[in-house]
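Participant: Make a model of this:
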Amino acid sequence: MIELHNPADMPDVVRIDYIEEPWIKATIMVPDDYLGPTLSLCTERRGEQVDMTYVGNRVMVVYRLPLNEIVFDFYDRLKSISKGYASFDYQLDSYERSYLVKVGILVNSEPVDALSFICHRDRAESRGREICSRLKDLIPRQLFKIAVQAAIGGKIIARETVSAMRKDVTAKCYGGDVSRKRKLLDKQKKGKKKMRQIGNVEIPQSAFLAALKRDEN
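Facilitator: This is a model prediction of the structure:
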């Protein structure tokens, strides 16, 4: 048995018998007015309700949740839907078997380990599409197209394309033969193809956290 602290260290799936993930017991205090959205958030994150007690006009809700579902932005979401009135406390409860997979993110066919993540298989494709869509808007455009992909092993489950900046190579051609302009455009096309194969894509530091945030809808 091995403990994983980084998705990059996940062994090949053929060597895995089963995966256990940590679950926590969470205690949430929330005003009655915001109970509905709070329960929906916990259910959305694969939570299991344990107890619910009314204390005046506040409710104490106890849920069991996968740690994987709350470590990144759960608290921010909870504060947002409760207008800041909810409190949240948790403790590690147990480990349970789960169908988890590693989703890798590739930019220009190169894996970006910092963006890879482990999640439940049922949510892998939607999370992969979400991150690719965010990265499409976060990665600066280059002179060549950039493919942003999410993959499980060798299978691509989502893809977006960052469009290339267009440079008018015919701007200095005043009149003249159309074939000359065509040659310049063909030359540009070949140059972009070569750049796409060898070009390095820089991803801004701010893009990493922004890409991993979940939609609040």
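Participant: Domain map for this protein?
Facilitator: If you go by automatic domain parsing, the domain ranges for the chain are 20-97, 101-166+195-212.
Participant: got JSON lines for these, with mean neighbour count too?
Facilitator: For the C-beta atoms, the positions are set from N, CA and C on the backbone; glycine is no exception. Output for the domains of the chain, formatted as JSON lines (neighbours: other CB atoms under 10 Å):
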{"stretch": "domain 20-97", "mean neighbour count": "16"}
{"stretch": "domain 101-166+195-212", "mean neighbour count": "16"}
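Participant: Between those, which has the poorest mean confidence score?
Facilitator: Sorting the domains of the chain by mean pLDDT places domain 101-166+195-212 lowest, at a mean of 83.
Participant: Pull the distance from that domain to the chain's centre.
Facilitator: Put simply, domain 101-166+195-212 sits 9 Å off its chain's centre (CA atoms, centre = their mean, to the nearest Å).
Participant: For residue 151, which non-adjacent residue is closest in space?
Facilitator: residue 104 (5.0 Å; CB to CB, 6 or more residues apart in numbering).
Participant: contacting residues for that neighbour?
Facilitator: Residue 104 sits next to 7, 111, 116, 150, 151, 152 when contact means CB atoms under 8 Å, 6 or more residues apart in numbering.
Participant: So which of those residues belong to strands?
Facilitator: 111, 150, 151, 152 (DSSP state E).
Participant: Closest one to residue 17 out of those residues, please.
Facilitator: Nearest to residue 17 among the ones in strands among the contacts of residue 104, counting by CB to CB, is residue 152 at 18.4 Å.
Participant: correct me, but the closest one touches residue 103?
Facilitator: Yes: Residue 152 lies in contact with residue 103 (CB atoms under 8 Å); the separation is 5.9 Å.
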